[in-house]
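Chemist: Need a 3D model of the following:
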Amino acid sequence: MEATSSPGMGAPSAVIPTAEERQWAMFCHVSAMLLYCTVIGGFIGPLVIWLVKRDAMPFVDDQGRETLNFQITILLALVGAGILMIVVIGIPIFFGLLLFHFIATIVAAVKSSEGVLYRYPFCWRVIR
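Modeler: You can find the predicted model right below:
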């Protein structure tokens, strides 16, 4: 399987990641679902995997950074939506963000398990 992607979905990888790298990258994305158990859990899971595997696995390093950046973006947006709940408009925004997070995380997990350098849409890339 070739490690390429469709336009806008990520950059083609110069080296095809190993099955183990793809698996850990997928775990990095899926661990972000801990957001639904504890708010900070969506950040801690990917952070731990990224810190442990980033030096040995370049694909996990890239996808871990991407996941962490997306979690930061979502967390900030959820805080903003929480503040807007005072004027009621924040309620649909809050639940829309949670739905977007769920779908985008599943797509990212599938793409990374295929070896694609996935890029989340609407993501503020703080960690480079």
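Chemist: now stretch 106-123: mean pLDDT?
Modeler: Here stretch 106-123 scores 92 as its mean pLDDT.
Chemist: One more: stretch 85-103?
Modeler: Summarised as a single mean, pLDDT over stretch 85-103 is 94.
Chemist: buried stuff in that stretch?
Modeler: Neighbour-count burial for stretch 85-103 flags Gly90, Ile93, Phe94, Leu97, His101 (criterion: 16 or more other CB atoms under 10 Å). To be clear about C-beta, it is placed using only N, CA and C from the backbone, and glycine gets the same treatment.
Chemist: Please identify the helix or strand for Ser112.
Modeler: For Ser112, the element it lies in under DSSP states H and E is helix 90-113.
Chemist: For this protein, which segments count as helices?
Modeler: For the chain, the helices defined by DSSP state H cover 19-30, 41-53, 58-84, 90-113.
Chemist: Who are the packing partners of the first one?
Modeler: On a contact count with 3 or more CB pairs under 8 Å, 6 or more residues apart in numbering; DSSP states H and E, helix 19-30 meets helix 41-53, helix 58-84, helix 90-113.
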